[in-house]
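Visitor: Based on what follows, work out the 3D shape:
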Amino acid sequence: MNRRFNSIYWLIVIIILMLIYGLRSVNIINTFYFISFLVPIALVTSWYFNTILVPKYLLKKRYKRFISLGLVSLIISLDLMMVFVFIAFILLARYQPDQLGELTKQYYSFPAVLYLTVIINGFFNLAQDYLRIAEDIKVLKEQKNGHESGHLKVRSNRQYSIIKYNLIDYIESMSDYVIIRTKENQSIITRETISRLEQRLPSQFLRIHRSYIVNLDNIDSFNREQISISGKDLPISRTYKKKVLEILKTTDTLD
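Guide: Residues are numbered from 1 along each chain as shown. Sure thing, here's the model as predicted:
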């Protein structure tokens, strides 16, 4: 999600900067060259801030380390920015010193605007991280409540369905949806990935395939290749086979 958001964000930023400074300088080619020099520095700075400083230091409340490394990275980034600004001005002026003054007037605010976009990008990424953490906490609470009450709560057909664990035979993945098959021949469809749903289930449920989770308590029979449950044969994939067979051979649910 963050990667896609950042790609779209920086694409929009580049387009806006091209339009603003291109119209100001009346030379879109010069603007393109100037942006090509400086945007990579902003991208690296933004990447370092969002993937290293924030998750490893800020979110873990290591504030002193976050501030010190942040200042160091800012100084290095500013130094690189100034070097590339100087080189860009010389190249765009085509080594004609009399044109440097005009170029400086046109692009003097560009570095500050670029760093502002880095700060805004960091704010949005931080907000997304907090929202994701809040969602994870919510899922954990639902998982705990579900384990204690012995049921799974999912949203299906614009309403919540509560399904007792012992009634679930298996769960089948359909891309961004899952189908919960029950002993009562019900098929409850909910918009959720099977991996996320797996995290909410207790230990009596076992992932046997990228598309299937089974209820160990309701298995009829099994071999090395498949599991039979309520008349349905479900494949055991190579990825999960070793773990699945170890659990099936040691579990007492089939005794």
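Visitor: Shouldn't residue 227 be within a strand?
Guide: Yes: assessed by DSSP: H, G, I helix; E, B strand; the rest coil, residue 227 belongs to a strand.
Visitor: So that it lines up with my notes, have the first residue be 825 from now on.
Guide: Renumbered: residue one is now 825, and that last one reads residue 1051.
Visitor: domain ranges for this structure?
Guide: Following automatic domain parsing, the chain resolves into domains at 826-967, 975-1074.
Visitor: Need those domains in a markdown table (columns: mean neighbour count).
Guide: (C-beta placed from N, C-alpha, C; glycine too.) Below are the domains of the chain laid out as a markdown table (neighbours: other CB atoms under 10 Å):
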| stretch | mean neighbour count |
| --- | --- |
| domain 826-967 | 15 |
| domain 975-1074 | 16 |
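Visitor: any idea which of the ones you listed scores lowest on pLDDT?
Guide: Across the domains of the chain, domain 826-967 has the smallest mean pLDDT, namely a mean of 75.
Visitor: now that one, how far from the chain's geometric center?
Guide: 20 Å (CA atoms, centre = their mean, to the nearest Å).
Visitor: Give me the residues contacting stretch 896-911.
Guide: 861-862, 865, 868-869, 872-873, 877, 931, 934-935, 938 (CB atoms under 8 Å, 6 or more residues apart in numbering).
Visitor: Can you list the helices and strands that the helix or strand encompassing residue 936 packs against?
Guide: Remark: residue 936 resides in helix 934-973, with elements defined by DSSP states H and E. Using 3 or more CB pairs under 8 Å, 6 or more residues apart in numbering; DSSP states H and E, the elements in contact with helix 934-973 are helix 826-849, helix 852-872, helix 887-916, strand 975-980, helix 1018-1024.
Visitor: And for the helix or strand just after the fourth one, what's in contact with it?
Guide: Proceeding N to C from strand 975-980, the next assigned helix or strand is strand 983-988, under DSSP H and E. Residues lying outside strand 983-988 but in contact with it, judged by CB under 8 Å, 6+ apart, are 974-979, 1004, 1006, 1012, 1014.
Visitor: Relative to residue 1013, how far out is residue 946?
Guide: 39 Å (CB to CB, to the nearest Å).
Visitor: hang on, isn't residue 949 packed against residue 874?
Guide: Yes: judged on CB atoms under 8 Å, residue 949 makes contact with residue 874 at a distance of 4.6 Å.
Visitor: for residue 1057, which residues make a bridge with it?
Guide: residue 1052 (DSSP bridges).
Visitor: Oops, could you answer that again for residue 980 instead?
Guide: Going by DSSP bridges, residue 980 forms beta bridges with residue 983.
Visitor: and residue 861, how far is that from residue 911?
Guide: Residue 861 is 7 Å from residue 911, by CB to CB.
Visitor: To clarify, my last question referred to residue 1018.
Guide: The value you get for residue 1018 to residue 911, if CB to CB is used, is 52 Å.
Visitor: Also residue 955?
Guide: Distance from residue 955 to residue 911, by CB to CB: 40 Å.
Visitor: list the contacts for the nearest residue to residue 1033 once chain neighbours are set aside?
Guide: Nearest non-adjacent residue to residue 1033, counting by CB to CB, 6 or more residues apart in numbering: residue 1061, 4.3 Å away. Applying CB under 8 Å, 6+ apart, we find residue 1061 in contact with 1032-1034.
Visitor: nearest to residue 998, of those residues?
Guide: residue 1034 (11.9 Å; CB to CB).
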